[in-house]
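Peer 1: got a structure for you, letters missing:
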């Protein structure tokens, strides 16, 4: 009996040691999981205001028009990198989305490229989709806004020919051409970024997509 007692005691100590290690591991894991959960909760409570700008670059004579002050830096960059003579703002879309939410817009507007259509009454059909808009931190610990699954598409009216009706009037023939892009982007809060450039029809004009986002005011 005396011989077995040390063995039993050692076994009991080993079991107690394992229990202590398991308890400490559980506490450590709990602490590790708590921080990301609190960070996620902080971000989940934030709404974001997004702006999508459709800028048309043209080689027609004229000066930049309808450009808000918030896009002055973007226009300066465009003049330095693209060969267009002037730029105009064709459309602005403003939307609010909860972080980790998505955007899905479809709209009908006037012709994006006015000279490509026969009249300004010829509509264009566009859509804007983002699979997920989220607020996160980059490797430097700075808050950034990500747009995953960014997709833009537009059906642009193009006059392909014209026919003369029986009453002598000219009837234009309109064809719709599809243009668009898909990408993932990341940006600093409140700083407009150029997403991409799309050639639009035989006019030689182009659509430049610019997007920005910032935290919504309460």
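Peer 2: Good, I have the coordinates. Since we're looking at a predicted model, the values are computed, not measured.
Peer 1: state which strand of this protein is the longest.
Peer 2: As assigned by DSSP state E, the longest strand anywhere in the chain is strand 143-164.
Peer 1: sheet-wise, list the partners of it with their directions.
Peer 2: When pairing is defined by DSSP bridges, strand 143-164 lines up against strand 124-137 (antiparallel), strand 170-188 (antiparallel).
Peer 1: so how far is residue 55 from the most centrally placed residue in the chain?
Peer 2: Geometric centre of the chain, nearest residue: residue 147, 4.0 Å, by C-alpha atoms, centre = their mean. Per C-beta to C-beta, to the nearest Å, residue 147 is found 18 Å from residue 55. C-beta coordinates here come from the backbone N, C-alpha and C atoms, glycine included.
Peer 1: and the longest strand of the chain, how far out from the chain middle?
Peer 2: 14 Å (C-alpha atoms, centre = their mean, to the nearest Å).
Peer 1: go on, stretch 82-96?
Peer 2: Per C-alpha atoms, centre = their mean, the centroid offset for stretch 82-96 relative to its chain is 16 Å.
Peer 1: can you list the buried residues in that stretch?
Peer 2: 84, 86, 87, 88, 89, 90, 91, 95 (16 or more other C-beta atoms under 10 Å).
Peer 1: run through the bridge partners of residue 156.
Peer 2: Counting by DSSP bridges, residue 156 is bridged to residue 177.
Peer 1: what ranges do the helices span in this protein?
Peer 2: 4-44, 72-81 (DSSP state H).
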